[in-house]
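**Q** Next input, structure requested:
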Amino acid sequence: MPQYDDILIRKNLDDQGIVPASGGYTSSPDIIPVGMMPINDPQGFAERTWTQDPGVDLTANAQNYIYMRGKNLAPGAEDGKMALYYTKASLLLYPSLWLKNQLKTSSGNTQAPVKANNSGDIVVTHEPFSWIPQLIENDHYCMVGMVGTNTHPMPNPTSETMQDLAKFLLNNPNVGWRNVRIVDNGVDFATSVDYEQGDVGGVMYVFIECAASPDGAEISFASGTPLPDSTYVKMDWTPIKGCDPAVKKHFILGATFNIPAGWQSSITYNYKSHGKNPLPGEDWAIDIRVAFYQNSSANGDELLSFADHSDHALAQAKTVYQTMMSTANDATAANAITPGRFIPLGSHTTKGN
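**A** From the prediction side, this is the model:
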């Protein structure tokens, strides 16, 4: 039985790359659904969990993230691209069922690059694939992942016979299959919006503003495209509290992120009502907004006339300025009121009654 000599996607935890594979082949540990939040430091995560299957159930009606990984069995450095497909469960996973359903990353790519510097390296898609699945009762989805290199391109299956399907799965060490379950975690909706940083990077304030949302509802947002430090633009589920339509008081959730020039992705915001109705007296709305931190000493008063002067934006600006001055070991400036402001750049709104 030959030993595979390229990037391996395992059929199961015991798979060492012997062709044909043996054991079960519907639970590949290298197709890794992680849920609604991407994983910081995916390389470290992939290596730490190599002897495990860290995949979780996915959430219906919400943005979910799926990583792929593999092990380089080539004698030296190797690089390739990974692709991921899905279909509803079927006893026979014929290619015609899944080839038409290819997933993309948050930046819109259908293939994610991987690179191994040495033989034995574990590779991972640093940008996961993203998917908003629909709930199907008493059933599951099947996912098929493939990796292609110059030595072993991605296979192009065409046969619709049971015998050829079995051969395809067992004789291609660069193909994995995983059954995934979709669960109802109470997500009402997930909305994705495109983000392009443009030619100038900087400190960006990404925040969500909720109007007429009941106490106890929850909100989150995330993007699957990593930043240079292997973290992501994301905020985990947070309970909404304190909206008061009578005085137009809204709930604000956000954080600042250092986003480089040229970075682009989609950002998805998710909402859970927990069965609670919007508050009366004001239209219910969820806004996601982005603002750019500007320092008045560098940009003058004219640009700052467009700044967001709301209490939450001023508080964020002060925090950013204090962090910058603390890093510069300037304790006096760190305690001063910020001379900077956040300049609104764009927004997206989901409205209701």
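
**Q** C-alpha only now, for contacts and for neighbours.
**A** Noted.

**Q** Quick check: closest non-adjacent residue to the most centrally placed residue in the chain.
**A** The residue lying closest to the centre of the chain (C-alpha atoms, centre = their mean) is G224, at 2.5 Å. Among residues not flanking G224 along the chain, S106 sits closest, at 5.2 Å (C-alpha to C-alpha, 6 or more residues apart in numbering).

**Q** Just confirm that neighbour contacts H126, I think it does.
**A** No - taking contacts as C-alpha atoms under 8 Å, S106 lies outside contact range of H126: 11.4 Å.

**Q** any residues in contact with both of those two?
**A** Residues touching both S106 and H126 (C-alpha atoms under 8 Å, 6 or more residues apart in numbering): T225.

**Q** care to break the chain down by domain?
**A** Domain assignment of the chain by automatic domain parsing yields the ranges 7-183, 189-351.

**Q** Tabulate those (TSV), appending mean pLDDT.
**A** Shown next, in TSV, are those (pLDDT from 0 to 100):
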stretch	mean pLDDT
domain 7-183	91
domain 189-351	80
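
**Q** circling back to that earlier point, between S106 and H126, which has more neighbouring residues?
**A** Legend: neighbour count by other C-alpha atoms under 10 Å for S106 and H126, higher for S106 (27 against 24).

**Q** Now do that one against Y293, distance only.
**A** 24 Å (C-alpha to C-alpha, to the nearest Å).

**Q** count of neighbours near N150?
**A** 11.

**Q** I'd guess it is in a helix, am I close?
**A** No - looking at N150 with DSSP: H, G, I helix; E, B strand; the rest coil, it is coil, so not inside a helix.

**Q** Where do the strands of the stretch 1-150 of the chain begin and end?
**A** Secondary structure of the stretch 1-150 of the chain by DSSP state E, counting those that start in this stretch: the strands cover 7-8, 31-35, 58-59, 64-72, 78-88, 104-105, 112-116, 122-124, 129-131, 141-148.

**Q** Please state the offset of the last one from the chain centre?
**A** Same thing as strand 141-148. Strand 141-148 sits 18 Å away from the centroid of its parent chain (C-alpha atoms, centre = their mean, to the nearest Å).

**Q** For that strand, which strands pair with it and how are they oriented?
**A** strand 78-88 (antiparallel), strand 175-180 (antiparallel) (DSSP bridges).

**Q** CA-only coordinates of it in CSV, if you can.
**A** Only the C-alpha atoms of strand 141-148 are listed here, as CSV (Å, rounded to 0.1, in the frame of the first residue of the first chain):
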residue,chain,number,x,y,z
TYR,A,141,-25.3,18.4,5.9
CYS,A,142,-22.3,16.8,4.2
MET,A,143,-19.2,18.9,3.6
VAL,A,144,-16.4,17.9,1.1
GLY,A,145,-13.0,19.6,1.3
MET,A,146,-10.1,19.3,-1.1
VAL,A,147,-6.6,20.6,-1.4
GLY,A,148,-4.7,21.0,-4.6
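
**Q** after that strand, next one along is what?
**A** helix 162-171 (DSSP states H and E).

**Q** List the buried residues in that following helix.
**A** Under the neighbour-count criterion of 16 or more other C-alpha atoms under 10 Å, helix 162-171 has 165, 168-171 buried.

**Q** on that earlier part again, go through the domains of the chain and pick out the most buried.
**A** domain 7-183 (a mean of 19; mean count of other C-alpha atoms under 10 Å).

**Q** First-to-last residue distance for it?
**A** The straight-line separation of the ends of domain 7-183 (C-alpha to C-alpha) is 32 Å.

**Q** any idea how far it is from the chain center?
**A** On the basis of C-alpha atoms, centre = their mean, domain 7-183 sits 16 Å off its chain's mean C-alpha point.
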